[in-house]
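# predicted model, plus sequence, below.
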Amino acid sequence: MSANRPIAYLYSRQTLETAVVKMLEELVGGIWLAFGAYVFWYVVKAEDFQPLTLDSLALTWRMHKSQTGCKSSCVHDLLIRDNEVVGFRCSCGYEFLQKRLITQRPLIAPMRSNLESLENIGGMANSLGLAYANIKRI
């Protein structure tokens, strides 16, 4: 061989084509692997907030008090997202957020007429025996 020929000419054209095809196959295989990992995460792990009705919020807080022996007399914060109650933070430091997997169907939505404004939440929560100190948006 001549010393003036580029390195690409050391290999036959067929060898170069197979090398390029092999690299593209590995690249496409890596992309499919990454896509499969994303789909697995989406189906198994991705979560979203689930709105709570005030009845279920009061029940959850009472269960927290009875199971942990919490001595607080009221919920410290109501956690609100998109004008819907999604959880609470207790004075003892316990925080509850209602979540569900993205792929699950949402439970029956709370009655919008009861949660139209944040001012209505106070009266309804007090009527259920659920006192709170603050409303916090998350």
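Good, I have the coordinates. Only a predicted model underlies this, so the values are computations on that prediction, with no experimental measurement involved.
# all contacts plus neighbour counts: C-alpha atoms, from now on.
Will do.
# domain map for the protein?
7-45, 48-137 (automatic domain parsing).
# mean pLDDT lowest for which of those domains?
Among the domains of the chain, domain 48-137 carries the lowest mean pLDDT, a mean of 74.
# helices along the protein, start to end?
13-44, 54-68, 118-127 (DSSP state H).
# distance to Gly93 and mean neighbour count for these - can I get that in JSON lines?
JSON lines is the format used below for the helices of the chain (distance: least, C-alpha to C-alpha, whole Å; neighbours: other C-alpha atoms under 10 Å):
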{"stretch": "helix 13-44", "distance to Gly93": "29", "mean neighbour count": "12"}
{"stretch": "helix 54-68", "distance to Gly93": "12", "mean neighbour count": "15"}
{"stretch": "helix 118-127", "distance to Gly93": "20", "mean neighbour count": "14"}
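# make a markdown table from those and add distance to Gln98 to it.
Below are the helices of the chain laid out as a markdown table (distance: least, C-alpha to C-alpha, whole Å):
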| stretch | distance to Gln98 |
| --- | --- |
| helix 13-44 | 17 |
| helix 54-68 | 9 |
| helix 118-127 | 17 |
